[in-house]
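Undergrad: got a predicted structure here, sequence first:
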Amino acid sequence: MTRTMRLRLQHLLNPLHLYCRLVEAGVARSLARRMSRAYERALYRRLLT
């Protein structure tokens, strides 16, 4: 995988990016925070290793 592709994927899959998109889509901030936190713990950390 090229460096730029990896950096782009890291950005798109970042939990903070997910949180912002959820809030933008109208999800309550507290729910978006819980969802992005669960995503980070369950998937994101494993994707980067």
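TA: Yep, that arrived.
Undergrad: which element follows the helix or strand containing residue 4 toward the C-terminus?
TA: Secondary structure assigned from DSSP states H and E places residue 4 in helix 3-13. Later in the chain than helix 3-13, the nearest helix or strand by DSSP H and E is helix 15-24.
Undergrad: tilt between the following helix or strand past that following helix and helix 15-24?
TA: Heading C-terminal from helix 15-24, the first helix or strand you meet, by DSSP H and E, is helix 29-39. For helix 29-39 against helix 15-24, the angle by axes from the mean of the first three to the mean of the last three Cα atoms, to 10 degrees is 150 degrees.
Undergrad: what does the helix or strand just after helix 29-39 rub up against?
TA: Helices and strands here follow DSSP H and E; after helix 29-39, the next one along the chain is helix 45-48. With Cβ atoms under 8 Å, 6 or more residues apart in numbering as the test, helix 45-48 has contacts from 10, 13. Any C-beta I mention is one placed from the backbone N, CA and C, and that applies to glycine too.
Undergrad: next, count neighbours for residue 22.
TA: 18 (other Cβ atoms under 10 Å).
Undergrad: per-residue pLDDT, it?
TA: Residue 22 is assigned 97 on the pLDDT scale.
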